[in-house]
Structures are given as structure tokens and as C-alpha cells.
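Engineer: Mind looking at a prediction? Sequence and model below.
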Amino acid sequence: MADLAGFEARRAASAAKGLWRGFGMNCYIEACGIAPSALVGQLGARAGLFESATVRVNATGGLVVMTGSHSHGQGHETSFAQVVADMIGIDENMIEVVHGDTANTPMGMGTYGSRSIAVGGSAMVRATEKIIAKAKKIAAHLLEASDADIELKDGAFSVAGTDKSVAWGDVTLAAYVPHNYPLEELEPGLEETAFYDPSNFTYPAGAYACEVEVDPDTGKVRIDRFSAADDFGNVINPMIVEGQVHGGLAQGIGQALLENCVYDDNGQILSASYMDYTMPRADDLPFYDVDHSCQTPCTHNPLGVKGCGEAGAIGSPPAVVNAVVDALQRGGKNVTHIDMPLSPARVWAAMNG
Amino acid sequence: MYEFELVKPATIADAAAALAGEDAQALGGGQTLIPTMKQRLAAPVTLVSTAGIPDIQGVCTDDDGRVCIGGATTHATVAAETAASYPALSGLAGMIGDPAVRNRGTIGGSLANNDPAACYPAAALASNATIVTNTRAIDADDYFQGMFTTALEEGELITEVKFPVPEAANYQKFVQPASRFALVGVFVAKYSDGVRVAVTGASEEGVFRWTEAEAALSASFSADALAGLSVPADGMIGDLHGTPDYRAHLVKVMTGRAVTAAS
């Protein structure tokens, strides 16, 4: 991805313009998908870190997922609906994801720590499994077969080895209009809740590479190329994962090159507004090359997912700093480290220190 | 911000009359004044908008070939309408802030405020522009008197700025990464009678002329002429974006780049 073979040619082209090109890379692994409650309790946490979901199926076959996770840019409305749609074999448009409404959702612990798909998604899977188990009993009654012989595929329940089947919508209607229904054994309705406490953290990992051009006269750093390869386990929605990584990269690059909270000796904050606190802007950032084709499933949650919300911010700062240090060393400067942010003034000071 | 009255005169005379009132303040694009009022660091009782005075809007060329810009002309208009007549000035105006800022901010407002990191003061000083007010005309060399300080009297309004057009010129701006004001901005202008070099963003006194560089460049207009010259770090601004040494260093770098770009 990083085309290391082409680096020397690019370096020479930069040098012809009076710029020093550098290459930096970084491998990372993180523990996220927080968290096993008992373990974090031992570590001093005062809360449980389970997640929750209530899945309520309507008579018409549409359903509502009420999740303890919250979506504020992570796209759960899409990815969570995809998971449930795949499990049942119905269209995603039949699924509504409700979050952030404490009157409606079960007790949840929230969205952070790259935990929503790994923990919130797993709770939702367990609730949906309960739904499917009950729906199979209803289908078995409708098809006059035994529960164990019922299969669910592509939104239809069938008797194994036969072509006898009943559609998802007929089963859901039967749950709420229980005229032909095993009322002695089964309550009407189709709504289930699950709370999921993970047995471990998840451990996404990746390798990032960055190429920069440094202007030796001013210390200004420009990122020319950025490649990010991450193993997030199974990927539910590739576009959303890419978007999560993009956002993380912007934050990590911002930390590496731009953002700085500065106080004077009297404790007075000097970077008190965006006139002095440098937020990354689009033209500070390159087009990214992002890859998540390496998908080693997580071994301990039902979706085999690891979470991806923070990875971009974790892997990128070292790659950027390594690239700048490499550029300076290729320029003959004996620099092995610069504290972030690598603002032009600080890079120049490191070069001339 | 505190309550104020907004008046929008249609003539320079009406504006001058309104500005003679107590606690009256001229309002150009408001790009500095409005945020200042929102922080309650300024509380004029009357704001006198210049946006409704046609006589002080627009760009033209006078009989002496000077580019004349009305005090209430926006940066966007300057960038568009001086592109042919004074490209370096057009380029400077086009790099101020962002498109939203350029659609509101005015040259009169910028020069009246004299922010030590603003761009227009460098252009005005390098061009030895004439700042025309409702009462007199002031040479740029006499106009800039320190950080946020100018020769303007109370209630005096900039109606026009006249720029002699140089043979060659260029403005190089090294941005402060957060505000994208000039950390150091250098305007180099070559006239038949010599070169002028005006520096903004660097000095605690605001915009200044680097006279040593002017002499060297007047003798030989090339970046090599600056070899061995430097500005002292003493008196340069030091803040979280750069030390005085760094700014002093950038003055030389940006001057050299402006000369090369102008050649």
C-alpha cells in the first residue's frame, strides 16, 4: 500500500524542490470493546460495562431495536440494522434503531471505547436470537412440525428437508393475532431483551505508514501520503469502518502536527480559542489509503467484531512523528524525537537546537 | 455584547457626523469589531456602518496610475478587481481569512484596526500608499504608529486608499496555523526609485520596513542580495506559535521568497 519501492524517486523529486521527504511507520494494538465488568471492577472501575438491547417485533414484521448504545456519528442506525436484517433475512428498511431515549431503551452504558458493535451489537444479537427462537416455535406450530426441525433462511421458516414454509411476516402476525397459536405453552407477542457482558476486551491491531515533506527553511510539515491497514475482525459495513478510520486519522494527525493546549506560568490558558488552538482542517490532511481486508475474527463475541472507532487516532501520531524525524535525519539533522505537536516553529527549533 | 444603535449613512458627510457623536464607532465588515464586542472588550453606543456609502466602495485607477480602493471595499472585491492592475495586492487580498471573511472584511477596517498580524498594512507600507480620510491624506510612512495604533483621529473615517503600482511585487505569507493570520508576512515592491520591504506579523510594533533589505535589494533585486542580512530577534513577537528567533528567521526566508516570486 505504501509503495516503499517508489520512495527514493519521490524523495529525489521533493529534494529538487528544496523539501526533505521522510517515511515513518508504526504498528499498534489496542484493548477496546470495553469491558468485562468483573475485570474492570478489579481494576477499580465503579460501573459495569455490559450493554443492552430490546428487540420489539411488530405484527407486520417490521421491528424496532432499542439499544443501550448511542449513535452520534458512528452509523449504528445502519450497521445495527444490517446485523439484524442478516440474521433474519429481511430488508434493513424494516428495522428501526432507537437510541438515546432513556424512556424507551434498556439501561445501557454508552458509546466510547470502541465498544458499540462489539458489546452493544452482541447484546442485540442475543436479543435477536431469543426472538428467532420464539419465532421458530410459532412457525413449528403453524407448520405442524417439531421446533427442532425448523430452519430460518432468507426471511422464511421451513421444515428441514421439505418445501413446507411460512414467511417471517406470517409468523410475526400470528404472534399478535394468536388465533392459530400454542397459547398453552407460549405467550403471544414477540419482544425480547438481552444484556451482554463481554468475556474479554477486543484487540484490533494495525500498521500505518506516513510520508511527509518538510520545508527545512520554515519547519512546515506537509503530509503527502498516508496508508492505514487495520484488522478489525469481521467488518459489518466497510464504508462506515472507513469513515471511522478517516475521523480517527484526522484526530491523530491533529495531535501530531497541530493541536496544543498551552498554559502560561500563572496557569492562564493561552490557547483559549480556535484563533490559537489549531484544529485540523481539510487542507491539513491528505487523501488516505485505508484497508481492512485482513479480518481475523474476534474469538469471543457472536459477531467476531473488534470495534474501530479509536484506531485511527491511536495508530497515526507515531507514524507522522516517525516520518518527520526520518525527514530531518535524511537532511543531516541529529534528531531522534520531537514532542507533539510538530508545529513549524517546533520542528525548526528541533532542527536548529 | 451590550445593546447598541446601528446607523447606516449614505454619504461620507453623514457618516462623519454620526462618528462625531460620543461612543460612536465605524463598522466595516465587523470581522474584528463584532467578536470584540461579543467578548465585551468594546461597547460602542453607536455603530456607524460604512456599507451603505457608495462613494467609498469600489476599485478604480486614477490619472496618476494609482490603484484607488474605497475604504468600504471588501477583500473579495479587491482580489477580483486588482488582479490585472496590481496582482500582488490582489493575491494578498485573496489570502485573507476565508471566503466568508473576504466577503465582509474591508480594507478601511483592516487599516484602521492595524492588527500587528494583518496583511493589508504590509501592502500599504510597501507601496507607500496614501490613506485618504474624510479630512486629509496620510502617507503610509506616517500612518502606522504601533500595534493597533494609527495616525487616525477620533471619528476620522478612511474613505480611500491609493496604491502606486510597482514594477514588480509579491507578498509571501507564512500562516499562524490556527488563525491563519500572518505569523510573518512580507510584501516586497520594486519601484523605479527603489525597493520597499514591509513586514507584518513579526514585530511587537506592528508592520515595519526592513530598511537594510531595501537598500540591498535596490542595488540588486535578487534573493542573493539578502545573504548576510538579518533582523534582530529583539522586538519580535514571541508566543505559543513561535519564538522571536523563529519570527526573525522567517522574515528573511519570506523576503527572499517574495523577491524570487516577484522576479
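Structural biologist: That came in fine, so what should we check first?

Engineer: Looking at the residue minimising distance to the centre of chain A now. What's its pLDDT?
Structural biologist: By Cα atoms, centre = their mean, chain A has its centre lying nearest to residue A:308, at 3.0 Å. Residue A:308 is assigned 96 on the pLDDT scale.

Engineer: Equivalent analysis for the one 10 residues further on, please.
Structural biologist: Per-residue pLDDT puts residue A:318 at 98.

Engineer: And the helices in the chain, which stretches?
Structural biologist: No chain specified, so I'll use chain A. Assigned by DSSP state H, the helices in chain A fall at A:7-16, A:37-42, A:76-88, A:121-143, A:168-176, A:238-257, A:311-330, A:344-352.

Engineer: could you do chain B instead?
Structural biologist: Using DSSP H, helices in chain B cover B:12-19, B:33-38, B:75-81, B:87-94, B:99-104, B:107-113, B:120-126, B:140-143, B:211-219, B:244-262.

Engineer: Chain B contacts on chain A?
Structural biologist: Counting by Cβ under 8 Å from any Cβ of the partner chain, chain A comes close to chain B at A:217-218, A:220, A:258, A:260, A:262, A:270-271, A:274-279, A:343-345, A:348-349. For glycine as for every other residue, the C-beta is placed from the backbone atoms N, C-alpha and C.

Engineer: My read is that the residue nearest to the centre of chain A contacts residue A:241, right?
Structural biologist: Yes - the criterion here is Cβ atoms under 8 Å, and residue A:308 meets it with residue A:241 at 5.2 Å.

Engineer: so what sits against both of these two?
Structural biologist: Here residue A:308 and residue A:241 have A:232, A:292 as joint contacts, going by Cβ atoms under 8 Å, 6 or more residues apart in numbering or on different chains.

Engineer: how about the closest residue to residue A:55 other than its chain neighbours, what does it touch?
Structural biologist: Excluding the flanking residues, the one nearest residue A:55 by Cβ to Cβ, 6 or more residues apart in numbering or on different chains is residue A:127, at 4.4 Å. By Cβ under 8 Å, 6+ apart, the residues touching residue A:127 are A:53, A:54, A:55, A:65, A:192, A:193, A:194.

Engineer: need those residues in CSV with pLDDT and distance to residue B:38, can you?
Structural biologist: Conversion of the contacts of residue A:127 to CSV gives the following (pLDDT from 0 to 100; distance: Cβ to Cβ, whole Å):
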residue, pLDDT, distance to residue B:38
A:53, 98, 45
A:54, 98, 46
A:55, 98, 49
A:65, 98, 44
A:192, 98, 53
A:193, 98, 49
A:194, 98, 50
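
Engineer: Would you list the buried entries among the residues you listed?
Structural biologist: Buried members of the contacts of residue A:127, scored by 16 or more other Cβ atoms under 10 Å in any protein chain shown, are A:53, A:54, A:55, A:65, A:192, A:194.

Engineer: so who does the first one touch?
Structural biologist: Contact analysis of residue A:53 by Cβ under 8 Å, 6+ apart lists A:65-68, A:106, A:120, A:123-124, A:126-127, A:193-194, A:196.

Engineer: Residue A:168 and residue A:89 touch, don't they?
Structural biologist: Yes - if you go by Cβ under 8 Å, residue A:168 and residue A:89 touch, sitting 7.2 Å apart.

Engineer: Distance of the residue nearest to the centre of chain A relative to residue A:266?
Structural biologist: 42 Å (Cβ to Cβ, to the nearest Å).

Engineer: Check residue 237 and give its pLDDT.
Structural biologist: Looking at chain A here, since you left the chain open. The model's pLDDT for residue A:237 equals 97.

Engineer: try chain B instead
Structural biologist: 97.

Engineer: List the contacts of it.
Structural biologist: Contacts of residue B:237 (Cβ under 8 Å, 6+ apart): B:116, B:201, B:202, B:203, B:204, B:244, B:247.

Engineer: Which two of the residues you listed have the greatest separation?
Structural biologist: Largest separation among the contacts of residue B:237 by Cβ to Cβ: B:116 and B:244, giving 13.3 Å.

Engineer: which of those two has more neighbours?
Structural biologist: residue B:116 (22 against 19; other Cβ atoms under 10 Å in any protein chain shown).

Engineer: What are the structural domain limits within the chain?
Structural biologist: Chain wasn't specified; assuming chain A. A:4-32+A:202-352, A:37-196 (automatic domain parsing).

Engineer: Chain B is the one I meant
Structural biologist: B:5-163, B:168-262.

Engineer: hmm, back to that, return the most buried member of the helices of chain A.
Structural biologist: helix A:311-330 (a mean of 24; mean count of other Cβ atoms under 10 Å in any protein chain shown).

Engineer: Remind me what it packs against, helices and strands.
Structural biologist: strand A:20-29, strand A:205-214, strand A:221-231, helix A:238-257, helix A:344-352 (3 or more Cβ pairs under 8 Å, 6 or more residues apart in numbering or on different chains; DSSP states H and E).

Engineer: Now do the third one, average pLDDT.
Structural biologist: Mean per-residue pLDDT for strand A:221-231: 98.

Engineer: Compute the inter-axis angle for it and helix A:344-352.
Structural biologist: Going by axes from the mean of the first three to the mean of the last three Cα atoms, to 10 degrees, strand A:221-231 is angled at 100 degrees with respect to helix A:344-352.

Engineer: can you check the first one too?
Structural biologist: Between the direction of strand A:20-29 and that of helix A:344-352, the angle (the same axes, to 10 degrees) works out to 100 degrees.

Engineer: so what secondary structure elements neighbour strand A:20-29?
Structural biologist: So strand A:20-29, by 3+ Cβ pairs under 8 Å, 6+ apart, packs with helix A:7-16, strand A:205-214, helix A:311-330.

Engineer: do the same with the second one
Structural biologist: Packed against strand A:205-214 by the contact rule (3+ Cβ pairs under 8 Å, 6+ apart) you find helix A:7-16, strand A:20-29, strand A:221-231, helix A:311-330.

Engineer: Now tell me what touches the second one from outside.
Structural biologist: I take that to be strand A:20-29. Contacts for strand A:20-29 (Cβ under 8 Å, 6+ apart): A:2, A:4, A:7, A:10-11, A:14-15, A:203-214, A:216, A:224, A:311, A:314-316, A:318-331.
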